[in-house]
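>>> Provided below are the primary sequence and the corresponding predicted coordinates.
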Amino acid sequence: MTAELNDYRPNDIEEMVVAWLTPLTRAGVSRDIGDPLPFIMVRHLTGAENIEQQTGDPVVSVHTLCARDLGWGAAKRQAAQTHDRMTLWGRYHDTVILPSTHVEAAVDYVRVFESPIWVVYSDLQILRKVGRYQIGLSYVNATTGQ
Amino acid sequence: MPIRESPHDIARDIIQRAPVEGREEISRYTDDVVNRAVDYAKSIAPVWPGEESQGRQPGTFRDSIYGEVYYGGEADTSHPVRANIGGEGGKGEPAGAIISDDPKAPFIEFGTAKTPEHGTFAKTAAHFNDLETHE
């Protein structure tokens, strides 16, 4: 017996943000200890969906991790680039190609939920700045991605 | 007629023109929202499931969360973790925030190399912003 499922859902927001930020530097949803720096870590944190309107409003955290031995100035510049890339997305709503499906994915909006701030990291050799963004998505066909 | 720069400017103007009783009512409303936000944050805050560890009692982070109503955009941003509830207050406007002064709070809120990001404060802010949008 096959249960019936909704054919429509928002795209994977973590995959979208990683795809959008990858031209800057290495990015992913997790980082193994010892992986090269700088690295941008993306985490889907919270957010609701509206089934009637077929929209989602996820909030994602974007962590820019940099080597402390390169200095605060380098970390600051790297984190500023991350933020500028996110706000650029909010201005122009460019599409991204999802690596998993090779399909174009679009955002409805990108808002700065929390401006980037320095946050102490457990590994003291790493400097971290964290920004949070709310991103509007529309449901797409789960099979075709469109 | 001058063009307003933002909804914040309009809100500030309304508050400054409101009679004293009106301002008190806005303050009471903000106070009520902040109290509810503190309760919500405490209800989702992670609590260490074991016994006392490294001199910390289970629930230390949860119990450290408190609320603050501030005025005039003069928020104290020196706390390890804080989140505005219902947006950042403009000049002369009451606004609310939830705060923790627990030194471990940044690690719980934003995660570490080995522990996940819980986002207690961000989840609370998102929840109350969402309520405000749909009320």
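Good, I have the coordinates.
>>> low-confidence ranges, the chain, go.
Because you didn't say which chain, this covers chain A. A:1 (pLDDT under 70).
>>> looking at chain B here, not the other one
Across chain B, the ranges flagged by pLDDT under 70 are B:1-23, B:72-75, B:87-92, B:130-135.
>>> tell me the residue of it that sits nearest chain A?
Closest approach between chain B and chain A, counting by C-beta to the nearest C-beta: B:T112, at 3.6 Å. Yep, even glycine has a C-beta here, placed from its N, CA and C like the rest.
>>> can you count the residues close to A:I117?
For A:I117, the count of nearby residues is 15 (other C-beta atoms under 10 Å in any protein chain shown).
>>> hang on, it is in a strand, isn't it?
Yes - using DSSP: H, G, I helix; E, B strand; the rest coil, the assignment for A:I117 is a strand.
>>> element containing the nearest residue to it once chain neighbours are set aside, please.
Nearest non-adjacent residue to A:I117, counting by C-beta to C-beta, 6 or more residues apart in numbering or on different chains: A:V130, 6.3 Å away. Assigned by DSSP states H and E, A:V130 falls within strand A:126-138.
>>> what residues of that strand count as buried?
For strand A:126-138, burial by neighbour count (16 or more other C-beta atoms under 10 Å in any protein chain shown) applies to A:126-137.
>>> so what strands line up beside it?
strand A:55-56 (antiparallel), strand A:59-67 (antiparallel), strand A:109-118 (antiparallel) (DSSP bridges).
>>> need the residues that contact the helix or strand following that strand.
Where DSSP H and E defines the elements, the next helix or strand beyond strand A:126-138 is strand A:140-141. Contacts of strand A:140-141 from elsewhere in the structure, counted by C-beta atoms under 8 Å, 6 or more residues apart in numbering or on different chains, are A:7-11, A:105, A:146.
>>> out of these, list just those in strands.
A:8-9, A:105 (DSSP state E).
>>> residues contacting the residue in chain A that chain B sits nearest to?
The nearest approach of chain A to chain B comes at A:S122, 3.6 Å away (C-beta to the nearest C-beta). Residues in contact with A:S122 (C-beta under 8 Å, 6+ apart) are B:107, B:112-115.
>>> can you report phi and psi for it?
In terms of degrees, to the nearest 10, the main-chain angles of A:S122 are phi -60, psi -30.
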